[in-house]
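Let me see the structure of the following:
(one chain, ligands or ions: 1)
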Amino acid sequence: MSAIRRIALVGLPGSGKSTVARLVAQRLGWDAVDIDDEIARSSGRSAASIISGDGEAAFRDLELIALEQVLRRPDPLVIACGGGLITTAAARRLLTELTTVVWLDAADEVLIGRVGDGADRPMLGGPAAAGIPQLRTGRERAHQAAHIRVSAGEAPEAVATRIATAVDGAIRVHLAERAYHVEVRPGALDDVVLHLPGGATRVALLADRAVRAASERLVASLRSAGIATTVVDVPGGEQLKTWETAGRMLARLGTAGLQRNDCVVALGGGTVGDLAGFVAATYLRGISWVNVPTTLLAMVDSGIGGKTGVNLPRGKNLAGVIWQPRAVICDPEVLATQDDRSFRSAFAEIVKYSMIVETSLVTDLDSSLDRLLGRDSDALTGAIRESCSIKAAIVSGDEREAGNRAVLNYGHTVGHALEAAAGFGDRLLHGEAVAVGMHAAGLLSVQVLGCPSGDIDWQDEMIGRCGLATTTVFDPGQVLDHMRADKKNVGDRLGWVLLEASGRPRTGVTVPEAAVLGALDAVRAR
Ligand SMILES: NC(=O)c1ccc[n+]([C@@H]2O[C@H](COP(=O)([O-])OP(=O)(O)OC[C@H]3O[C@@H](n4cnc5c(N)ncnc54)[C@H](O)[C@@H]3O)[C@@H](O)[C@H]2O)c1
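Purely as a prediction, here's the structure:
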């Protein structure tokens, strides 16, 4: 995980790569480099003369060398790529792994108008009117590797502003297969269209009925970009995450005619995201999806990491796959309508992050909790961004939860069991259960690992200031049974995530049964 520090602009001749690169760089205060200029500087020859003299293959080799050199520079960069660079497999791999690739796309007529007779563009092989459509066909697949697709038909200033806005403050999550973009910004809802796969012509929007205004706005922006959009509006909530609903959604995708290049967009809380991701993962053996979370919990937690799935009668999230979204777009403005109880419950996860990693969230929470609870847009944007960064960093290192990702389960051993015992409904929300679970895990951390009790006092104070309880009513026998049945346990061994101190979690800790019973007793309200 990291902030975005390299943008590479790709596109057909006339798409404005060099001009837009300079303008984006100006807006972000970064440097701009042009690969063709780099080659000209090192070889003393223009791209046109190398291609006509030595052939295209020789030029592609020089391009790759120039790209490698540019990518070694330490400063943030906007790179204008030669149009054919992305068609070379090695260059495409470097670009998609090490940069955020932006495809500047415009209609053939626009490009032809800009390129004129194409005299200085050897790859056109003649007049632009014939060359552009031919190049488009040849490079279509390569362009589809881009992370972001921007309409380059407008003035370069407007195109540059759009790119700079989408990238400024965004986070890049790097996972084994693909890097993706996490945007947290008021107004980001209108940018979803930038993150669709390059070849997408259809979208199935799985939208929570509770966010109708946001859904209408999103549909309007998708349709105005020429994307055929089928809206499947669903009632958010745990009852949505069933095998049957997933089956119905898959059938809807089929009826809507979605193809492999098309995309599912999830607009809703964690339940909509989990279901939509699962449906996207299984339709045609997996198509792309973009997650647009609309609850605070989904923004700070479930939106990132690619865990998707549905519940089974035996328990929660028991059927599913890891299927990373193409992008996660968080627009804090949509939180205005979330009800106070579920909004506050998400703070359990934010407090959790501040306990499992060393983060500025600790001081931020102390000073800005009241502004956060009052839904101040700047404070929320900052806290969501930091939470996303933390989750992204943890997930990036361990996509399939083979190791360190388990630290995210701090407070969840007891929390999940409480939720299960309460029937996964409104009686006890996920965050409320996690708050109680963190209190229990905190007590055990002091007892078993010698965690300073002041660290846990701070945690409990924050939980209290968020309006969350550290105790709840439950049947201890039932909760113990659920803890033993949790799918995260290997065999009969219950592995706890506890803290050696704030910011220093340890996973797989074995805790004596008597201590577990003691902790459960301490968090049981009577
Ligand atoms: N995939 C993961 O990594 C992961 C992590 C944590 C939790 N989860 C899952 O997330 C789910 C919980 O997510 P949640 O808390 O977002 O619950 P949710 O999706 O049920 O949303 C809560 C309620 O808020 C409504 N809602 C959503 N956005 C709204 C808005 N902006 N304004 C008004 N109402 C709105 C919904 O309709 C619903 O009634 C659980 O199923 C949990 O298992 C998944």
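
Spell out which residues of the chain are next to the ligand.
Proximity of the chain to the ligand (C-beta under 6 Å from any ligand atom) is limited to residues 208, 210-211, 236-238, 241, 268-272, 274, 294-295, 297-298, 301-302, 305, 307, 316-317, 334-335, 337-338, 342, 430. (C-beta placed from N, C-alpha, C; glycine too.)

Buried ones among those?
Neighbour-count burial (16 or more other C-beta atoms under 10 Å) applied to these gives 208, 210-211, 236-238, 241, 268-272, 274, 294-295, 297-298, 301-302, 305, 307, 316-317, 334-335, 338, 342, 430.

which stretches of the stretch 401-526 of the chain have low pLDDT?
Residue ranges of the stretch 401-526 of the chain with pLDDT under 70: 487-493.

In helices, which of the buried ones among the residues of the chain next to the ligand fall?
Among these, the members falling in helices (DSSP state H) are 270-272, 274, 297, 342, 430.

Can you say which two of these are spatially most distant?
Spatial extent of these (C-beta to C-beta) is set by the pair 274 and 342 at 15.6 Å.

What are the boundaries of the helices in the stretch 1-150 of the chain?
Secondary structure of the stretch 1-150 of the chain (DSSP state H, counting those that start in this stretch): helices at 17-28, 35-43, 47-54, 56-71, 89-98, 108-115, 128-143.

Quick one: closest of those to residue 173.
helix 89-98 (12.8 Å).

end-to-end on stretch 263-277?
End-to-end span of stretch 263-277 (C-alpha to C-alpha, to the nearest Å): 11 Å.

check contacts around the closest residue to residue 476 other than its chain neighbours.
Distances taken as C-beta to C-beta, 6 or more residues apart in numbering put residue 520 closest to residue 476, at 5.1 Å, once the chain neighbours are dropped. By C-beta atoms under 8 Å, 6 or more residues apart in numbering, the contact set of residue 520 is 414, 440, 476, 479-480.

If any of those residues are buried, put those into a ChimeraX selection.
The buried residues among those can be selected in ChimeraX (16+ other C-beta under 10 Å) with this line:
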select :414,440,479,480
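
Can you list the low-confidence ranges for this protein?
If you take pLDDT under 70 as the line, the chain has these spans: 1-2, 117-128, 175-177, 487-493.

And the residue nearest the centre of it?
residue 328 (3.4 Å; C-alpha atoms, centre = their mean).

Would you mind measuring from it to the ligand?
Separation of residue 328 from the ligand (C-beta to the nearest ligand atom, to the nearest Å) stands at 11 Å.

Give the bridge partners for that residue, please.
For residue 328, the beta-bridge partners under DSSP bridges are residue 182, residue 291.

close enough to count as contact, it and residue 303?
Yes - here residue 328 reaches residue 303: they are 4.7 Å apart, a contact under C-beta atoms under 8 Å.

mind listing the helices for the stretch 301-450 of the chain?
Using DSSP H, counting those that start in this stretch, helices in the stretch 301-450 of the chain cover 340-345, 347-356, 361-373, 377-397, 412-421, 430-449.

And for the stretch 151-300 of the chain?
Here the stretch 151-300 of the chain has its helices, by DSSP H, counting those that start in this stretch, at 156-167, 212-224, 243-255, 270-282, 296-297.

quick one, the fourth one and helix 430-449 angle?
With axes from the mean of the first three to the mean of the last three C-alpha atoms, to 10 degrees applied, the angle from helix 270-282 to helix 430-449 works out at 90 degrees.

State the phi and psi torsions of the closest residue to residue 199 other than its chain neighbours.
In space, and not counting its chain neighbours, residue 199 is closest to residue 261: 3.6 Å by C-beta to C-beta, 6+ apart. Note on residue 261: its backbone torsions stand at phi -80, psi -10 [degrees, to the nearest 10].

Please list all residues in contact with residue 157.
Contacts for residue 157 (C-beta under 8 Å, 6+ apart) come out as residue 23.

Was I right to think residue 107 contacts residue 151?
No - judged on C-beta under 8 Å, residue 107 makes no contact with residue 151 at a distance of 9.0 Å.

quick revisit: mind listing the shared neighbours of residue 328 and residue 303?
With C-beta under 8 Å, 6+ apart, residue 328 and residue 303 have common neighbours 182, 291, 293, 388.

Let me have those in JSON lines, extended by neighbour count.
Converted to JSON lines, these look like this (neighbours: other C-beta atoms under 10 Å):
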{"residue": "182", "neighbour count": "25"}
{"residue": "291", "neighbour count": "34"}
{"residue": "293", "neighbour count": "28"}
{"residue": "388", "neighbour count": "26"}
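
how's this structure carved up into domains?
The record's domain parsing of the chain by automatic domain parsing lists 2-168, 181-337, 384-522.

and residue 75, how many neighbours?
Around residue 75 there are 8 other residues, counting by other C-beta atoms under 10 Å.
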